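Novice: When you get a sec, could you give me coordinates for this:
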Amino acid sequence: MRIAGVPVGREITEHTTRDDDIGLIIVVVATDAPLIPTQLKRVARRVTLGLGRLGSFSGDGSGDLFIAFSTANPGAAKAKGVRKLEMLPNESINPLFLATVQATEEAVINAMVAAEIMTGINNHTVVALPHDKLREVLKKYNRLAR
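Specialist: Reported below is the predicted structural model:
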C-alpha cells in the first residue's frame with residue numbers, strides 16, 4: 001500500500017496482511033460534466049489508475065465494479081421525441097480523467113483513515129490503519145504537512 005508515494009504497507013508491519021489482492025470495491029463516479037455514455041465509460045476506466053497508485057493490482061480474486069454517471073442533460077433519456085444534449089469534445093476530457101484518478105485515490109485513503117477495527121464472518125478481524133504510525137511514516141518521507 002502506498003500513500004502519497006510512500007510505501008506505507010512496507011513501513012507499518014505490526015499486523016499480518018494478505019499478499020493476494022482479493023476483496024471487492026465498488027466505485028461510483030458522479031459528475032455534472034456533460035458527457036455521453038461512451039465518455040462516461042472511459043472515465044470509469046480511470047478508477048483503476050487511482051487504485052493502482054495505492055498499490056492495488058486488481059488481482060484474480062478481486063471483485064471490482066466501477067460506474068460513472070452525469071447529471072447533465074436532464075430528460076435526455078425520455079422515451080419519446082428528439083432530445084438535444086450537450087457534450088464535451090473528447091479532447092477536453094483529460095482533466096476529468098485526472099480528477100477521477102485523484103478522487104479515487106483520495107476516497108480510498110479517507111475511508112482507510114476513518115476505518116475502525118472490525119470483525120466479520122468466521123471471526124475474521126481486520127485491523128484499522130494506526131494513525132500514529134501513519135503520521136510517523138509520512139513524516140519520515142517528508143510527506144506530512146505539519
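
Novice: chain center to the longest helix along the chain, what's the gap?
Specialist: Looking across the chain with DSSP state H, the single longest helix is helix 94-114. Mean C-alpha position of helix 94-114 versus that of the full chain (CA atoms, centre = their mean, to the nearest Å) differs by 5 Å.

Novice: Please enumerate the helices of this protein.
Specialist: Ranges of helices within the chain are 8-11, 37-45, 47-54, 94-114, 131-140, based on DSSP H.

Novice: Could you tell me which residues within the third one count as buried?
Specialist: By neighbour count, and taking 16 or more other CB atoms under 10 Å as the criterion, the buried residues in helix 47-54 are 47, 48, 50, 51, 53, 54. All C-beta atoms are positioned from the backbone trio N, CA, C, and that covers glycine.

Novice: any chance of the helices of the chain in JSON lines, with distance to residue 71 too?
Specialist: Formatted as JSON lines, the helices of the chain follow (distance: least, CB to CB, whole Å):
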{"stretch": "helix 8-11", "distance to residue 71": "35"}
{"stretch": "helix 37-45", "distance to residue 71": "11"}
{"stretch": "helix 47-54", "distance to residue 71": "18"}
{"stretch": "helix 94-114", "distance to residue 71": "14"}
{"stretch": "helix 131-140", "distance to residue 71": "35"}
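
Novice: Reformat the ones you listed into CSV and put distance to residue 86 and mean pLDDT next to each item.
Specialist: As requested, the helices of the chain are exported to CSV (distance: least, CB to CB, whole Å; pLDDT from 0 to 100):
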stretch, distance to residue 86, mean pLDDT
helix 8-11, 42, 91
helix 37-45, 12, 97
helix 47-54, 24, 94
helix 94-114, 15, 96
helix 131-140, 42, 94
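
Novice: which one of these is the most hemmed in?
Specialist: Of all the helices of the chain, helix 47-54 carries the top mean neighbour count, a mean of 19, counting by mean count of other CB atoms under 10 Å.

Novice: by how many degrees do it and helix 94-114 diverge?
Specialist: 50 degrees (axes from the mean of the first three to the mean of the last three CA atoms, to 10 degrees).
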